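>>> got a predicted model here, sequence first, then my questions.
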Amino acid sequence: MIINTELEQKGNQFPNEIKSVRQEVDTLYFTTQNNVILELTVLRDSVIRFRYGTRGILEDDFSYAIDPENHVGYNHLELSENKNFYIVTTAKLIIKIEKISLQSKILDREGNLINEDEIGFHYEESFTLGGNIVKMSKRSHPGEAFYGMGDKPVHLNLRGKRVTNWATDSYAFGKDTDPIYKSVPFYIGLKEKHAYGIFFDNTFKSSFDFCHERLDVTSFWAPGGEMNYYFLYGPGMSEVVQNYTHLTGKPELPPLWTLGFQQCKWSYYPESTVKGIAQKFRDLKIPCDGIYLDIDYMDGFRCFTWNKEYFPDPKRMVKELLDDGFKTIVIIDPGIKIDPEYWVYNEALENDYFCKRADGPDMVGKVWPGECAFPDYTNPEVREWWADLFKELVHDIGVRGVWNDMNEPAVMEVPGKTFPDDVRHDYDGHPCSHRKAHNIYGTQMARATYEGVKRYVYPKRPLVITRSAYSGAQRYTSSWTGDNVATWEHLWIANNQVQRMCLSGMSFTGTDIGGFAEQPTGELFVRWIQLGVFHPFCRVHSSGHHGDQEPWSFDDEVTNITRKFIEMRYTLLPYLYTAFYEYATEGIPMLKPLVYYDQDDVHTHYRTDEFIFGNHILVCPILEPNSKGRRMYLARGRWYDYWNNEVVEGGRELWVDADFDTIPIFVKEGAIIPRYPVQQYVGEKKIEELKLDVYYAEDTIESRVYEDARDGYDYKKGRYSLRNFKLTGKAKDLSIQQFKTGTFETEYEAIKLNLIGLPFRIKKITVDNVAYDLNNLDKEDKILKLPKDFSVVHMIG
Ligand code: GLC
């Protein structure tokens with residue numbers, strides 16, 4: 001045990017000797033002489049919850065973050081003791097709780113120490129506000145690396161950093177600005193070859209120190225609430241992230257069009273401008289599926305109203321846009337204009353739905369409309385009311401998605417840019433101050449919006465986008481990274497943030513492509529598009545103050561390269577949708593930082609630029625002006641250069657040429673990549689056949705293709721099509737087996753194989769054991785057309 005008199009003098013209190021232990025099914029209660037309780041729950045063999053109470057009391061157990069549908073269940077739970085420790089053993093972990101200190105050590109079943117308390121839990125009484133300042137410190141090891149934590153614009157590996165979670169409106173934030181919009185108190189530690197995660201489920205302003213203050217200590221703390229964290233074991237980072245995402249929830253599948261390209265600006269108005277932008281996309285043949293209306297569509301920035309001068313007949317406009325493939329998405333902010341003539345304000349006022357100051361008056365603050373009041377979305381009745389407000393927008397007018405902004409919540413012209421701490425919230429029947437509800441406010445707004453949009457867009461699927469979020473928000477909403485800047489540094493930040501969000505359970509994220517503040521050069525815009533088309537959410541947005549930011553706003557070369565990359569995204573839609581399916585069902589991040597992809601290769605631990613898009617495509621953006629290429633690290637294994645199909649050996653740094661119209665892209669050998677034809681919007685064309693790019697490997701590799709009706713909920717009743725392909729390559733032999741599940745009939749009848757890198761000339765082919773006429777091969781000996789549900793195709797040289 002560590003006796004820290006200095007800390008003690010600073011007012012810290014520590015648990016002392018354990019006096020009793022009690023077990024209730026999956027939960028153990030350890031109580032110390034000085035009445036500290038550790039409640040330890042085994043949720044799964046590799047997911048353990050640690051919760052501490054002082055004065056012999058645990059708080060009411062309530063969390064917005066934990067998915068009520070998360071499955072718990074373990075194979076083994078045993079409590080034993082020796083002289084110094086109580087020992088909890090599960091099928092995956094051994095947890096030792098020291099008798100004299102309540103400190104814990106966590107080992108895997110082979111006895112490797114994965115994580116251990118330094119001081120462990122300690123606390124200070126908060127004399128001014130009540131409750132405790134709760135703290136935890138853990139030992140950290142040389143070379144241990146740290147990842148996760150949501151949208152932090154800092155180096156991907158957090159070692160050496162200290163960060164804080166307090167949702168903040170951060171216009172034109174920069175590298176290392178902290179905190180910004182989101183709060184995800186979850187990190188992944190990678191110690192030697194073992195990855196584990198810690199999710200500190202506390203919505204107060206929490207802080208994390210990753211060996212910043214002391215080289216060998218990682219700590220986290222919050223000025224209120226409980227020390228309540230989940231330990232999630234790997235040993236793979238993939239298992240840690242999946243465990244975390246199971247715990248905090250996965251999204252439903254979005255409609256496929258939301259993975260298409262989206263165009264936004266502050267603001268497109270009046271109607272003729274919106275129509276003009278849409279027409280220009282079609283004229284220039286640049287695919288686009290979504291067009292956004294920012295705050296100026298409203299009447300005086302009043303939510304749920306329209307400026308009838310700019311948009312005299314929104315229903316007609318929305319329909320006409322939709323006839324041309326454009327879905328309309330509108331912004332909705334939390335600030336409700338204080339205006340006795342405004343029905344939304346009056347309804348909320350009459351029903352007492354606004355947040356209040358501690359002494360009674362409504363919380364009043366300035367946002368776009370001037371003085372506003374703010375619905376308390378932590379009240380379920382308010383959420384229900386809010387959800388119903390979407391009837392007109394979504395059901396009557398036909399809007400398909402809603403964009404929630406300013407929900408940190410942002411307040412203008414006040415210090416702190418948000419509510420004062422004393423503001424009261426319902427917190428679903430656990431009344432509290434803003435100190436506790438602040439970080440969750442945006443998520444509860446997005447949740448209420450999601451419920452409304454979903455209700456009224458039914459039987460189609462909703463789209464919600466949010467700026468602020470807390471852990472678990474991914475169950476309801478996609479997100480974007482807020483008000484970035486049109487600079488090269490921000491392109492690096494964009495790449496870093498989306499990878500980090502993917503590790504933090506929130507894959508459906510994108511950045512304002514080109515930068516929100518200031519104006520990008522054509523070159524920067526192109527380099528950003530080249531990255532952005534590989535982000536799960538792909539939207540151009542700008543403040544509009546410095547000029548236009550449409551694909552044609554620069555010059556023809558920019559327009560052409562932009563089209564080329566957006567077209568690439570559209571051809572890869574089945575691949576991207578499959579990645580979303582794996583995220584939605586298994587919690588697998590849609591982008592994988594290199595360290596996630598190959599954590600045993602220490603070269604990946606500090607890489608930031610390269611990432612894996614889906615499972616098989618490695619992308620490395622160009623992040624500097626005037627580049628003709630760049631140095632990069634190619635992950636271990638053999639890869640095909642996407643542009644020329646040359647095989648490149650990974651596990652090393654290399655120079656890759658990348659003129660203005662390309663970026664380094666590599667496909668893992670053995671991959672089968674599905675492609676659709678280019679469409680101007682999702683569903684424009686009937687898909688006549690599914691093309692599969694087959695990258696030969698002398699190995700056995702699996703790939704999947706998920707498809708369904710692209711919208712609606714029939715997929716939940718089994719009406720989907722999941723093709724599992726198993727490629728087996730030998731020196732003179734390549735076979736592909738297909739195992740299909742689901743009852744959805746795709747509209748195409750044929751699958752076309754595009755064989756890449758085959759090292760032999762084909763002499764014989766059989767499809768489901770029947771000889772295939774070699775005359776059907778194309779000149780380059782490459783393309784085969786097969787019935788879509790073939791079981792096995794066998795090519796022999
Ligand atoms: C905020 C948003 C931005 C939006 C603007 C006007 O700055 O982050 O995306 O365009 O408000 O609504």
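Alright, I've got the coordinates.
>>> tell me the pLDDT at the residue lying closest to residue 370 once chain neighbours are set aside?
Closest residue to residue 370 apart from its sequence neighbours, by C-beta to C-beta, 6 or more residues apart in numbering: residue 337 at 6.6 Å. The C-beta positions use only the backbone N, C-alpha and C, and glycine is treated the same way. Predicted confidence (pLDDT) at residue 337: the value is 98.
>>> beta-bridge partners for residue 337, please?
residue 372 (DSSP bridges).
>>> distance of it relative to residue 788?
Distance of residue 337 to residue 788, given as C-beta to C-beta, to the nearest Å: 55 Å.
>>> of these two, who's got more company?
residue 337 (22 against 18; other C-beta atoms under 10 Å).
>>> what sits against the more buried one?
Applying C-beta atoms under 8 Å, 6 or more residues apart in numbering, we find residue 337 in contact with 300, 301, 302, 345, 369, 370, 371, 372.
>>> counting neighbours, what do you get for the fifth one?
A count of neighbours around residue 369, defined by other C-beta under 10 Å, yields 21.
>>> now do the last one
One way to gauge burial is a neighbour count; for residue 372, by other C-beta under 10 Å, it gives 28.
>>> isn't it up against residue 344?
No: if you go by C-beta atoms under 8 Å, residue 372 and residue 344 don't touch, sitting 10.9 Å apart.
>>> against residue 590, how distant is residue 684?
24 Å.
>>> more neighbours, those two?
residue 590 (27 against 14).
>>> which residues touch residue 610?
Remark: with contacts taken as C-beta under 8 Å, 6+ apart, residue 610 is in contact with 594, 618, 619, 620, 632, 633, 634, 635.
>>> check contacts around the residue in the stretch 651-797 of the chain that the ligand sits nearest to.
Residue of the stretch 651-797 of the chain nearest the ligand, by C-beta to the nearest ligand atom: residue 681 (23.1 Å). Taking C-beta under 8 Å, 6+ apart as the criterion, residue 681 is in contact with 257, 260, 287, 288, 289, 324, 325, 326.
>>> try residue 478
Residue 478 touches 251, 254, 258, 463, 464, 465, 466, 508, 509, 510, 536, 537, counting by C-beta under 8 Å, 6+ apart.
>>> now, the residues you listed that are in strands?
The strands, defined by DSSP state E, take in 463, 464, 465, 466, 509, 510 from these.
>>> neighbours of the nearest residue to the last one once chain neighbours are set aside, how many?
Which is residue 510. Ranked by C-beta to C-beta, 6+ apart and with sequence neighbours excluded, the top spatial neighbour of residue 510 is residue 537, at 3.2 Å. When counting by other C-beta under 10 Å, one arrives at 23 neighbours for residue 537.
>>> isn't residue 537 up against residue 480?
Yes: if you go by C-beta under 8 Å, residue 537 and residue 480 touch, sitting 6.5 Å apart.
>>> intersection of neighbour lists for the two?
Overlap of the contact sets of residue 537 and residue 480 (by C-beta under 8 Å, 6+ apart) consists of 465, 509, 510.
>>> which one of those is nearest residue 204?
residue 509 (24.3 Å; C-beta to C-beta).
>>> just give the nearest non-adjacent residue to that closest one, would you?
residue 501 (4.3 Å).
>>> what helix or strand is the one you found on?
Using DSSP states H and E, the element containing residue 501 is helix 488-503.
>>> buried residues, that helix. List them.
Across helix 488-503, burial judged by 16 or more other C-beta atoms under 10 Å covers 488, 490-503.
>>> repeat that for stretch 586-597.
587, 588, 589, 590, 591, 592, 593, 594, 595, 596, 597.
>>> list the residues that contact the residue in the stretch 601-750 of the chain positioned nearest to the ligand.
Distance from the ligand to each residue of the stretch 601-750 of the chain (C-beta to the nearest ligand atom) is smallest for residue 621, at 22.2 Å. For residue 621, the contacting residues are 491, 495, 527, 530, 531, 609, 663, by C-beta under 8 Å, 6+ apart.
>>> residue 491 is in contact with the fifth one, correct?
Yes: using C-beta under 8 Å as the test, residue 531 is close enough to residue 491 to be in contact (6.7 Å).
>>> how about residues contacting stretch 578-591?
238, 241-246, 250-254, 259, 498-499, 502-503, 505, 507-508, 534-536, 576, 596, 611-615, 674, 704-706, 722.
>>> among these, which are in helices?
Using DSSP state H, the members of those that fall in helices are 238, 241-246, 498-499, 502-503, 576, 596.
>>> reformat these as JSON lines; add pLDDT.
Formatted as JSON lines, those follow (pLDDT from 0 to 100):
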{"residue": "238", "pLDDT": "98"}
{"residue": "241", "pLDDT": "98"}
{"residue": "242", "pLDDT": "98"}
{"residue": "243", "pLDDT": "98"}
{"residue": "244", "pLDDT": "98"}
{"residue": "245", "pLDDT": "98"}
{"residue": "246", "pLDDT": "98"}
{"residue": "498", "pLDDT": "98"}
{"residue": "499", "pLDDT": "98"}
{"residue": "502", "pLDDT": "98"}
{"residue": "503", "pLDDT": "98"}
{"residue": "576", "pLDDT": "99"}
{"residue": "596", "pLDDT": "98"}
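>>> output those residues in TSV; the columns should cover distance to residue 452.
Shown next, in TSV, are these (distance: C-beta to C-beta, whole Å):
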residue	distance to residue 452
238	35
241	30
242	30
243	31
244	28
245	25
246	27
498	27
499	31
502	27
503	30
576	27
596	35
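>>> tell me which of those is nearest to the ligand?
Nearest to the ligand among these, with distances taken as C-beta to the nearest ligand atom, is residue 498, at 16.4 Å.
>>> for that closest one, give me its contacts.
Residue 498 touches 481, 509, 510, 511, 535, 536, 591, counting by C-beta under 8 Å, 6+ apart.
>>> please repeat the previous calculation with a cut-off of 6 Å.
When contacts are counted by C-beta atoms under 6 Å, 6 or more residues apart in numbering, residue 498 touches 509, 535.
>>> what does the stretch 251-400 of the chain put close to the ligand?
266, 294, 295, 331 (C-beta under 6 Å from any ligand atom).
>>> setting aside sequence neighbours, what's the nearest residue to the first one?
Just to be clear, that refers to residue 266. Nearest one to residue 266, counting by C-beta to C-beta, 6+ apart, is residue 294 at 4.3 Å.
>>> how about the residue of the chain found nearest the ligand, secondary structure?
Using C-beta to the nearest ligand atom, the single residue of the chain nearest to the ligand is residue 266, 3.6 Å away. Secondary structure for residue 266, judged by DSSP: H, G, I helix; E, B strand; the rest coil, is coil.
>>> that one - how many residues pack around it?
As a burial measure, residue 266 scores 16 neighbours (other C-beta under 10 Å).
>>> surely it meets residue 545?
No: if you go by C-beta atoms under 6 Å, residue 266 and residue 545 don't touch, sitting 8.1 Å apart.
>>> with only the CA atoms kept, save the helix or strand containing residue 441 in CSV.
Per DSSP H and E, residue 441 falls inside helix 434-457. Extracted as CSV, the C-alpha positions of helix 434-457 are listed here (Å, rounded to 0.1, in the frame of the first residue of the first chain):
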residue,chain,number,x,y,z
HIS,A,434,-25.8,21.6,-14.6
ARG,A,435,-22.5,20.3,-13.3
LYS,A,436,-23.8,16.8,-13.7
ALA,A,437,-26.1,17.3,-16.7
HIS,A,438,-24.0,19.5,-18.9
ASN,A,439,-22.1,16.8,-20.8
ILE,A,440,-25.2,14.7,-21.4
TYR,A,441,-27.4,17.6,-22.6
GLY,A,442,-26.6,17.3,-26.2
THR,A,443,-27.0,13.6,-26.3
GLN,A,444,-30.5,13.8,-24.7
MET,A,445,-31.4,16.5,-27.3
ALA,A,446,-30.2,14.2,-30.1
ARG,A,447,-32.1,11.3,-28.5
ALA,A,448,-35.4,13.2,-28.4
THR,A,449,-34.8,14.4,-32.0
TYR,A,450,-34.1,10.8,-33.1
GLU,A,451,-37.2,9.6,-31.5
GLY,A,452,-39.2,12.3,-33.3
VAL,A,453,-37.6,11.9,-36.7
LYS,A,454,-37.8,8.1,-36.5
ARG,A,455,-41.5,8.3,-35.6
TYR,A,456,-42.5,10.5,-38.5
VAL,A,457,-40.1,9.2,-41.2
